[in-house]
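**Student:** Next comes the sequence, and after it the predicted model I'd like to discuss.
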Amino acid sequence: MAINNQRSNLSDEEIIEMYWNRNENAIVETDLKHGKWLFKIAYNALGNSQLSDDCKNDAYFDVWNSIPPMRPKSFTGFLSTVVRRKAINKFKELHAKSRISSSLVICIEELYDTLASNDTVEGAIEASELGVIINDYLKQVSRKNRMMFVGRYYFAESINDIAKLVDSTPSSVYKALCKMRNELKIILQGKGVFL
Amino acid sequence: MNRETLTDATEYIDGNVINEYVQLKSCLSCKERSARIIWSKKLIAAVICVALIVPIITVVLILNLSDKVIPGGIFGQSPGIENYAFKLGETCSSTTSQYPDSEITVNDVVITNIIGENHGYYIVFYADIKTENYSIVTEDITQHGNSDTLRVSFSMLKWWEDPRANDSFSLFEKELSQSLSEAQLIIDDRPGEMNGKIALVFSIDELSFGMIKSKTDESAYQNLTGKYAGVQYCLETNISWYKNVDAHFVFYTTDASYVESIN
């Protein structure tokens, strides 16, 4: 689906209602309103326009099948989660065959480099367990830091974009992310993830 | 822990945190969009302002120029001349039975090229009528003279101490004859009163206009300007009360940006 420069005038609630009424224009309206942002989420993970577009369209299909019965409180959050999940799955699939170049690779590498330090021995940890630790950590930090972390390591956004979002400078964002990664490492060490 | 575990772990980030981020992102988009809209509106407003102001300024400038070009526009806006315009030969009421038979002093003779609705070339005599106890009645003009033709002849005269002395010579002479109905008379006083100012407006052809202009330039070249120098215009008509009119000359160029006075 081509990226459209028009914008939908409908609210998220109205679009959800269209899904509930099985009105196929709901997808068009979703794309008009959120298409660009959803494409970017996929693109940050995959680094390929065609794949990102496919991923977005697959996500629309999933959304169409999920609503109803679902009625998401945050339609944008729901959409971004669906698209990201699609993108991550595609990312894993491609990554298994060969390394791909995308923002997500850089971001995960950045996180991994700090957390998986050479002078420690890693213990085994499940993704879900690590997710809980990250969640707990994010609850402790300031909103601004939380937004920076999520922007960087969930949505794989660029430092510049995050700086613009939190109304800060790129260097400040970079330093704050560094600090958070180190704090998270200390927490992980405390939890015995590193032996 | 490997990269895949790390990638998967991010999937477990709380949905509320994700929503919080998405909302922040939407707000930023809204702000950017608003900023863009505001700038667009400002731009549109600026364009509209320019589009409105330019014609207004143009109109104002044209009007200002028009004031300079058109004496009384032709009839209405000259200082001291009110809007009493009559075509010669037009009937109007009068309380007198006497005809003025005397000189009148023309204060300004304006030759002008009027561009616009009243396009054409005109020569306008502004005159003070000094003679009292006489009345001018426009309806009487048609009764005066041989026909309804007002003959006007000009001569430019150089004078020294006394403008009316014989020490003068004619530079050129041009006769302008036209029908009374084409000439117009403006009286700044009530019709029938002799005291005050009058304006006589004659339309002239382009050739005459050019000739008068060149002769005016010529007289300027011949150093006719100065304290004692002057140009005498003789307005001689077949109407007896317009004769031997002294005048100085004000020349308006065609674009009205240049005024030359020889006195």
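**Tutor:** Cool, the structure landed.
**Student:** and the residue in chain A that chain B sits nearest to, what element?
**Tutor:** Scanning chain A for the residue nearest chain B gives A:Gly131, at 2.3 Å (criterion: Cβ to the nearest Cβ). Where you see a C-beta, it was placed from the backbone N, CA and C, and this is true even at glycine. Taking DSSP states H and E as the criterion, A:Gly131 maps to helix A:127-140.
**Student:** List the buried residues for that helix?
**Tutor:** Within helix A:127-140, the residues that count as buried by 16 or more other Cβ atoms under 10 Å in any protein chain shown are A:127, A:130-131, A:133-134, A:137-138.
**Student:** Give me the residues contacting it.
**Tutor:** Helix A:127-140 has contacts (Cβ atoms under 8 Å, 6 or more residues apart in numbering or on different chains) with A:146, A:149-150, A:180, A:183-184, A:187-188, A:191, A:193, B:1, B:4-6, B:8-14, B:17.
**Student:** just stretch A:160-168 next, same as before
**Tutor:** Contacts of stretch A:160-168 (Cβ under 8 Å, 6+ apart): A:144, A:147-148, A:151-152, A:157, A:169-170, A:172-173, B:24-25, B:28.
**Student:** buried subset of the residues you listed?
**Tutor:** Neighbour counting with 16+ other Cβ under 10 Å marks A:144, A:147-148, A:151-152, A:157, A:173, B:24-25 as buried within the contacts of stretch A:160-168.
**Student:** Give me the secondary structure label for the residue sitting nearest the centre point of chain A.
**Tutor:** Centroid check for chain A by Cα atoms, centre = their mean gives A:Phe155 as the closest residue, at 3.0 Å. Under DSSP: H, G, I helix; E, B strand; the rest coil, the three-state class of A:Phe155 is coil.
**Student:** Next, count neighbours for A:Ser103.
**Tutor:** For A:Ser103, the neighbour count with other Cβ atoms under 10 Å in any protein chain shown is 19.
**Student:** Correct me if wrong: it contacts A:Asn44.
**Tutor:** Yes: at 4.2 Å, A:Ser103 counts as touching A:Asn44 under the criterion of Cβ atoms under 8 Å.
**Student:** before we move on, back to that, tell me the one of the buried ones among the contacts of stretch A:160-168 nearest A:Glu109?
**Tutor:** A:Arg152 (11.9 Å; Cβ to Cβ).
**Student:** so A:Leu177 touches A:Met147, yeah?
**Tutor:** No: using Cβ under 8 Å, A:Leu177 is not in contact with A:Met147; the gap is 11.3 Å.
**Student:** State the distance from the closest residue to chain A within the stretch 51-200 of chain B to B:Lys41.
**Tutor:** Closest approach between the stretch 51-200 of chain B and chain A, counting by Cβ to the nearest Cβ: B:Ala51, at 27.3 Å. From B:Ala51 across to B:Lys41, the span is 15 Å (Cβ to Cβ, to the nearest Å).
**Student:** Let me see the contact set for A:Leu46.
**Tutor:** A:Leu46 touches A:52, A:55, A:87, A:90-91, A:94, A:100, A:102, A:104, counting by Cβ under 8 Å, 6+ apart.
**Student:** would you list the residues you listed in CSV and tack on pLDDT and neighbour count?
**Tutor:** Output for the contacts of A:Leu46, formatted as CSV (pLDDT from 0 to 100; neighbours: other Cβ atoms under 10 Å in any protein chain shown):
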residue, pLDDT, neighbour count
A:Ser52, 87, 24
A:Cys55, 88, 27
A:Ala87, 87, 26
A:Lys90, 85, 20
A:Phe91, 84, 25
A:Leu94, 81, 17
A:Ile100, 72, 17
A:Ser102, 78, 23
A:Leu104, 80, 27
